[in-house]
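Peer 1: predicted coordinates and the sequence they were generated for:
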Amino acid sequence: MRTTVRERWRRVIFEHVTRAGKTLDVVLIVAIVGSVLVVMLDRLPTIPARAQRALWHLEWFFTVLFTLEYAARL
């Protein structure tokens, strides 16, 4: 029996015992920590304008990443 793409994605997202599922969990944890660090750094008053621009782009990167992850779960 062939598995569909939808079934494979379901296994990756919801079954944490698979290698791909564990990898996704680790990637999400690293992304969460990275997102928190970016927000914390962005709030520092001494950050140069160039760094603030980079942090702004990183915030959007994490927002898009988490939105895609949420949509995949739906």
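Peer 2: Arrived safely, thanks for sending. Everything quoted here is computed from the prediction, not taken from an experiment.
Peer 1: what about the chain, any weak spots by pLDDT?
Peer 2: 1 (pLDDT under 70).
Peer 1: the same query, at a cut-off of 90, please.
Peer 2: Where the chain drops to pLDDT under 90, the residues are 1-18, 20-21, 45, 47, 49, 72-74.
Peer 1: what about the helices in it?
Peer 2: 5-14, 19-42, 49-73 (DSSP state H).
Peer 1: same list, these, but as TSV with mean neighbour count please.
Peer 2: The C-beta positions use only the backbone N, C-alpha and C, and glycine is treated the same way. TSV is the format used below for the helices of the chain (neighbours: other CB atoms under 10 Å):
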stretch	mean neighbour count
helix 5-14	12
helix 19-42	13
helix 49-73	12
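Peer 1: touching, residue 42 and residue 55? I think so.
Peer 2: Yes - assessed by CB atoms under 8 Å, residue 42 is found in contact with residue 55 at 4.4 Å.
Peer 1: please report the distance of residue 39 from residue 59.
Peer 2: From residue 39 across to residue 59, the span is 7 Å (CB to CB, to the nearest Å).
Peer 1: let me redo that: residue 51
Peer 2: Distance from residue 51 to residue 59, by CB to CB: 13 Å.
Peer 1: can you name the residues that contact the nearest residue to residue 41 once chain neighbours are set aside?
Peer 2: Leaving out its chain neighbours, the residue that sits closest to residue 41 by CB to CB, 6 or more residues apart in numbering is residue 55, at 5.9 Å. Residues in contact with residue 55 (CB atoms under 8 Å, 6 or more residues apart in numbering) are 38, 41, 42, 47.
Peer 1: of these, closest to residue 65?
Peer 2: Nearest to residue 65 out of the contacts of residue 55 is residue 38 (CB to CB; 11.9 Å).
Peer 1: tell me how far the closest residue to residue 11 other than its chain neighbours lies from residue 12.
Peer 2: Spatial nearest neighbour of residue 11, excluding adjacent residues (CB to CB, 6+ apart): residue 18 at 5.9 Å. According to CB to CB, residue 18 stands 7 Å off from residue 12.
Peer 1: now swap in residue 33 and tell me
Peer 2: Residue 33 is 21 Å from residue 12, by CB to CB.
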